[in-house]
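Asks: can't give you the sequence, but here's the structure:
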């Protein structure tokens with residue numbers, strides 16, 4: 001069901017009370033607000049398209065002032081952690097790779113120190129601002145605006161963190177005191193700005209037991225990803241890569257169309273035109289059920305093995321790449337259990353073009369009919385996300401374990417090192433976590 005700008009006609013019955021001076025009486029404006037109109041649009045949409053529409057609670061619609069409040073109530077709590085409402089302009093900009101902020105993810109290491117867990121290459125901090133080569137993953141944050149950041153991360157207080165670092169608005173300035181890997185302190189005064197993100201964090205190769213192995217760190221499935229993946233896999237193809245370490249530890253989703261591209265590069269020519277994933281909608285919308293096939297890509301690989309680095313942030317499109325590839329090659333995961341989102345969304349733009357609605361509308365299974373992985377994919381080996389070291393450092397614990405597996409054909413012994421789940425804060429909008437939609441062309445208006 002598409003939401004058109006003429007979707008709702010709201011009939012209001014007004015009782016006007018006469019006064020002794022009728023010509024001075026101005027009746028109150030009782031027309032619905034934009035937020036109330038959007039709320040009503042969302043309710044009608046959810047009754048038709050929501051995957052769990054039969055489980056929607058009985059509500060009084062006028063108890064909710066906007067679609068955000070309503071979605072929070074309508075979401076099917078036993079399973080749905082993902083359906084969302086977002087600002088239309090912000091959503092479109094984010095999915096196209098536009099970003100406003102410092103471009104960093106901050107985490108707490110096992111020693112209780114705040115560190116940079118990830119940084120975009122176009123971030124001002126990446127190239128300068130510190131008097132040196134720029135900030136990288138693993139740098140310690142000793143102070144943020146004069147305060148110790150570690151206790152805030154340890155408490156998990158998102159409000160305190162936001163208050164300290166400021167809104168995701170261009171022009172907000174913060175002062176960081178970093179400790180570099182060499183043990184030196186350096187101060188960076190940096191201002192949040194808009195820039196284009198890179199979804200491929202890095203790609204390179206290494207040789208393991210004479211086998212050329214590709215290494216790809218991939219952050220999100222968004223519009224610019226297609227060109228970035230084409231570049232990375234052309235490099236892998238030229239290097240005759242036979243094994244691949246795919247790092248999806250912070251990749252929480254995006255477009256299904258990009259997930260299909262990535263899976264097609266990995267599965268190779270033998271999988272072309274065979275089923276990658278199949279979607280199932282609710283019984284009202286079963287005509288939308290679809291099968292998505294692997295497609296022809298420019299630089300397909302002929303892989304022997306795939307190792308995927310995962311965390312609880314690995315979700316949705318990332319999990320579907322894993323699931324869709326399972327019938328075609330051996331996939332081994334290292335790190336932490338994934339998020340557990342075997343579902344996807346369609347997206348609607350409201351009549352006033354102010355909001356985006358993205359309810360869960362379908363479930364996905366692979367070519368063997370396997371899906372329903374709401375508990376996530378458990379790893380072959382639990383390994384701490386080692387934010388003390390950069391992604392390409394062979395001593396970084398997850399990367400090190402992936403290399404060990406490819407070198408030895410099995411994971412290391414259980415007593416190798418303890419597992420800890422890192423506490424982290426990202427500048428990504430909250431709705432970006434676990435978003436999974438077909439592609440940009442399927443935003444309904």
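Replies: Sure, I can see it. Only a predicted model underlies this, so the values are computations on that prediction, with no experimental measurement involved.

Asks: For the rest of this, base every contact and every neighbour count on C-alpha atoms.
Replies: Fine.

Asks: what pairs with the residue nearest to residue 383 when sequence neighbours are not counted across the strands?
Replies: Nearest-residue entry for residue 383: residue 335, 4.4 Å, with adjacent residues in sequence omitted and distances by CA to CA, 6 or more residues apart in numbering. Residues in a beta bridge with residue 335, per DSSP bridges, are residue 310, residue 382.

Asks: For residue 335, the count of nearby residues, please.
Replies: Here the number of neighbours of residue 335 (other CA atoms under 10 Å) works out to 28.

Asks: per-residue confidence for it?
Replies: Note for residue 335: predicted pLDDT of 97.

Asks: What residues does it make contact with?
Replies: Residue 335 sits next to 309-311, 379, 381-385, 398 when contact means CA atoms under 8 Å, 6 or more residues apart in numbering.

Asks: Can you select the buried ones from those in PyMOL?
Replies: In PyMOL, this line selects whichever of these come out buried by 16 or more other CA atoms under 10 Å:
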select buried, resi 309+310+311+379+381+382+383+384+385+398
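
Asks: Put together a markdown table for the contacts of residue 335, with distance to residue 358 on each row.
Replies: As requested, the contacts of residue 335 are arranged in a markdown table below (distance: CA to CA, whole Å):
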| residue | distance to residue 358 |
| --- | --- |
| 309 | 28 |
| 310 | 25 |
| 311 | 24 |
| 379 | 29 |
| 381 | 34 |
| 382 | 33 |
| 383 | 33 |
| 384 | 32 |
| 385 | 30 |
| 398 | 33 |
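
Asks: picking up where we left off before, residue 48 versus the residue nearest to residue 383, what's the distance?
Replies: When distance is defined by CA to CA, to the nearest Å, residue 335 is 39 Å away from residue 48.

Asks: you'd agree residue 261 is in a helix?
Replies: Yes: assessed with DSSP: H, G, I helix; E, B strand; the rest coil, residue 261 lies in a helix.

Asks: ok, it - contacts?
Replies: Residue 261 makes contacts with 226, 294-295, 297, as judged by CA under 8 Å, 6+ apart.

Asks: Let's see which of the residues you listed end up in strands.
Replies: Nothing among the contacts of residue 261 maps onto strands, per DSSP state E.

Asks: Please tell me which one of the residues you listed counts the most neighbours.
Replies: Of all the contacts of residue 261, residue 294 has the most neighbours under the rule other CA under 10 Å, reaching 25 neighbours.

Asks: Could you check how far that residue is from residue 303?
Replies: The gap separating residue 294 from residue 303 is 15 Å, by CA to CA.

Asks: How about residue 273?
Replies: The value you get for residue 273 to residue 303, if CA to CA is used, is 18 Å.
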